[in-house]
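Sequence first, predicted coordinates after that:
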Amino acid sequence: PAMAKRLSAAGFVRLGQLAALDAKAALTRFGAEGPALMARARGEDDRPVNPARETKSISAETTFDADISALAALEGPLWLLCEKLARRLKDKGFAAGGVVLKLKSADFALRTRSQRLAEPSLLPEVIFAAARPLLQREADGTAFRLIGIGAQPLASADQADRGDLADPEAPRRAARWKAMEALRAKFGEDAVVAGLGFAPKPNNAEAEKPDAEAQPGSGRKP
């Protein structure tokens, strides 16, 4: 880079040499960029820090104590994860623009499959309806130890489940889900159980992922 060449030509080959300059000397030698170079050489940076990393995806996953290969046994956990994901999306003000299915087999091989949604959604039934065919295609007898579902890309929650001529019932389903969640908040998680939530829950350790980089939690790990 041009600045590196200028520094080398001026005899500055170590950070300590820059750090030893004062602001006036740095300005004289390197112009307007000099004081900033001096400050960074000292580890000083007055640029504002934004601790909030841009969220690109939100997901939830679970690790089984015993590997599961049967489709029917995988669908129940997938539904529960879709409900968990829907809550997390709502809490963060996002909606799913697409879904990503994650599966990890007993030999640690990772599979990810994705599907875009026709419109952004916050509803677990919409997320599940998109993810279920992906799971059906992957349930080929392979024993899986982990299953996860993610939302990617993300959209604003106010764009979710508006409905159109192709799906005029979307707003009604959204209102129903909101009412169910209100009952659960008041009377407990098991106050209302929908769909595959009635299926027996396998013994597993759940790992919640607030963003794309979060790792599986407790339970058997690779």
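Thanks, I have it. This is a predicted model, so every value here is computed, not measured.

State the mean pLDDT of whichever helix in the chain runs longest.
In the chain, with assignment by DSSP state H, the single longest helix is helix 71-92. Helix 71-92 comes out with an average pLDDT of 94.

how many neighbours does the residue lying closest to residue 146 once chain neighbours are set aside have?
Nearest-residue entry for residue 146: residue 104, 3.9 Å, with adjacent residues in sequence omitted and distances by Cβ to Cβ, 6 or more residues apart in numbering. Using the backbone N, CA and C atoms, a C-beta is placed for each residue, glycine as well. Per other Cβ atoms under 10 Å, the neighbour tally for residue 104 reads 21.

list the contacts for residue 104?
Taking Cβ atoms under 8 Å, 6 or more residues apart in numbering, we find residue 104 in contact with 110, 111, 144, 145, 146, 147, 222.

Which residue ranges make up the domains of this structure?
The record's domain parsing of the chain by automatic domain parsing lists 2-41, 58-209.

buried stuff in the first one?
By 16 or more other Cβ atoms under 10 Å, the buried positions in domain 2-41 come out as 7, 12, 18-19, 21, 26, 29-30, 34-39, 41.

pLDDT weak spots in this structure?
Residues of the chain that meet the criterion pLDDT under 70 lie in 1-3, 45-53, 163-171, 173-222.

if you set the cut-off to 80 instead, what comes out?
1-7, 15, 33, 40, 43-55, 161-222 (pLDDT under 80).

Which residue ranges of it form helices?
Going by DSSP H, the chain shows helices at 2-9, 15-19, 23-30, 34-41, 71-92, 124-138, 170-187.

Of all these, which one comes closest to residue 64?
For the helices of the chain, the distance to residue 64 is smallest for helix 71-92, at 7.8 Å, taking Cβ to Cβ.

how about the closest one as CSV, C-alpha atoms only?
C-alpha atoms of helix 71-92 as CSV (Å, rounded to 0.1, in the frame of the first residue of the first chain):
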residue,chain,number,x,y,z
LEU,A,71,-38.9,-39.3,9.9
ALA,A,72,-41.8,-39.4,12.3
ALA,A,73,-39.5,-39.2,15.3
LEU,A,74,-37.7,-36.2,13.8
GLU,A,75,-40.9,-34.2,12.9
GLY,A,76,-42.0,-33.7,16.5
PRO,A,77,-38.7,-32.0,17.5
LEU,A,78,-38.7,-30.0,14.3
TRP,A,79,-42.2,-28.6,15.1
LEU,A,80,-41.1,-27.6,18.6
LEU,A,81,-38.1,-25.8,17.2
CYS,A,82,-40.3,-24.0,14.7
GLU,A,83,-42.3,-22.7,17.6
LYS,A,84,-39.2,-21.7,19.5
LEU,A,85,-37.8,-19.9,16.4
ALA,A,86,-41.1,-18.1,15.9
ARG,A,87,-40.9,-16.7,19.4
ARG,A,88,-37.3,-15.7,19.0
LEU,A,89,-38.1,-13.9,15.8
LYS,A,90,-41.0,-12.0,17.4
ASP,A,91,-38.8,-11.0,20.4
LYS,A,92,-36.2,-9.6,18.1
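
Give the buried residues for it.
Buried-residue list, helix 71-92, by 16+ other Cβ under 10 Å: 74-90.

same question, stretch 136-156
138-139, 144-155.

got the CA positions of it in PDB?
Taking C-alpha atoms only, stretch 136-156 is exported to PDB below (Å, rounded to 0.1, in the frame of the first residue of the first chain):
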ATOM      1  CA  GLN A 136     -38.500 -35.600   4.300                       C
ATOM      2  CA  ARG A 137     -35.900 -35.600   1.500                       C
ATOM      3  CA  GLU A 138     -33.000 -36.000   4.000                       C
ATOM      4  CA  ALA A 139     -34.600 -38.700   6.200                       C
ATOM      5  CA  ASP A 140     -33.100 -41.500   4.200                       C
ATOM      6  CA  GLY A 141     -32.300 -43.800   7.100                       C
ATOM      7  CA  THR A 142     -29.300 -41.800   8.300                       C
ATOM      8  CA  ALA A 143     -29.100 -41.500  12.100                       C
ATOM      9  CA  PHE A 144     -29.100 -37.900  13.200                       C
ATOM     10  CA  ARG A 145     -27.900 -36.500  16.500                       C
ATOM     11  CA  LEU A 146     -28.800 -32.900  15.900                       C
ATOM     12  CA  ILE A 147     -31.600 -31.000  14.200                       C
ATOM     13  CA  GLY A 148     -32.000 -27.300  13.800                       C
ATOM     14  CA  ILE A 149     -34.100 -24.700  12.000                       C
ATOM     15  CA  GLY A 150     -33.100 -21.200  11.100                       C
ATOM     16  CA  ALA A 151     -34.600 -18.100   9.500                       C
ATOM     17  CA  GLN A 152     -32.500 -16.600   6.700                       C
ATOM     18  CA  PRO A 153     -32.800 -14.100   5.200                       C
ATOM     19  CA  LEU A 154     -34.500 -12.000   7.800                       C
ATOM     20  CA  ALA A 155     -37.200  -9.500   7.100                       C
ATOM     21  CA  SER A 156     -38.900  -6.900   9.300                       C
END
